[in-house]
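> after the sequence you'll find the predicted model.
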Amino acid sequence: MAETGSERRAKRMSIIVTKGTLDWAYPPFILATTAAAMGLDVTMFFTFYGLPLLLKKLDLQLSPLGNPAMKMPMAGMHLGMPNIASMIPGVDAAASAMMNNLMRKKGVATIEDLRGLAVESGVRMIACQMTMDLFDYTLKDMIEGPELGGAASYIDVATQSEINLFI
């Protein structure tokens, strides 16, 4: 029997979150909260360097190293930073401060705000058990809400999702 409008299940989206720098934290949370607002069931699987995005206290940094596309608006133009500049102590902190300041000036939501919105929107968050063990984290270190799971947990979600993203 074909599904009718009221019987249809919500579309599903899964996101594997593997990076935890300031710039890489935005895409998964923006996509997850937008999809949830559009009525999709969203699951985020946090593994390796993406797992710290679930920590109660975030200290997100930005590294311009290896990112030639990062051009900050300065003095009426967009200036890139040469990779060699990343070797200078304090450059990552300065780049992070510049990006946070730019985001604040432009009214961009913080990662903490987006993460809270994801929780409020019912986005399912799975913390990778193997990564938790590897880096000596416990659920007490994390915000309220994430559940523990492994690769099989993610694969179960992914096989039932119409959209699967790796970020």
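Right, received. Where do you want to start?
> for residue 55, what are its contacts?
Counting by Cβ atoms under 8 Å, 6 or more residues apart in numbering, residue 55 touches 137, 141, 142, 143. Every C-beta, even on glycine, is put in place using the N, C-alpha and C of the backbone.
> could you measure from residue 40 over to residue 89?
44 Å (Cβ to Cβ, to the nearest Å).
> between these two, which is the more surrounded one?
Of the pair residue 40 and residue 89, residue 40 is the one with more neighbours under other Cβ atoms under 10 Å, namely 19 against 6.
> mind putting the contacts of residue 55 in TSV, distance to residue 157 included?
Formatted as TSV, the contacts of residue 55 follow (distance: Cβ to Cβ, whole Å):
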residue	distance to residue 157
137	21
141	23
142	19
143	20
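> which single one of these is nearest to residue 98?
Distances from residue 98 to the contacts of residue 55, taken as Cβ to Cβ, are shortest for residue 143 (26.8 Å).
> from residue 116, how far out is the closest one?
Noted for residue 143: a distance of 8 Å to residue 116, by Cβ to Cβ.
> and residue 125, by the same measure?
12 Å.
> which of these two has more neighbours?
residue 125 (23 against 16).
> part of a strand, is that one?
Yes: secondary structure of residue 125, determined by DSSP: H, G, I helix; E, B strand; the rest coil: located in a strand.
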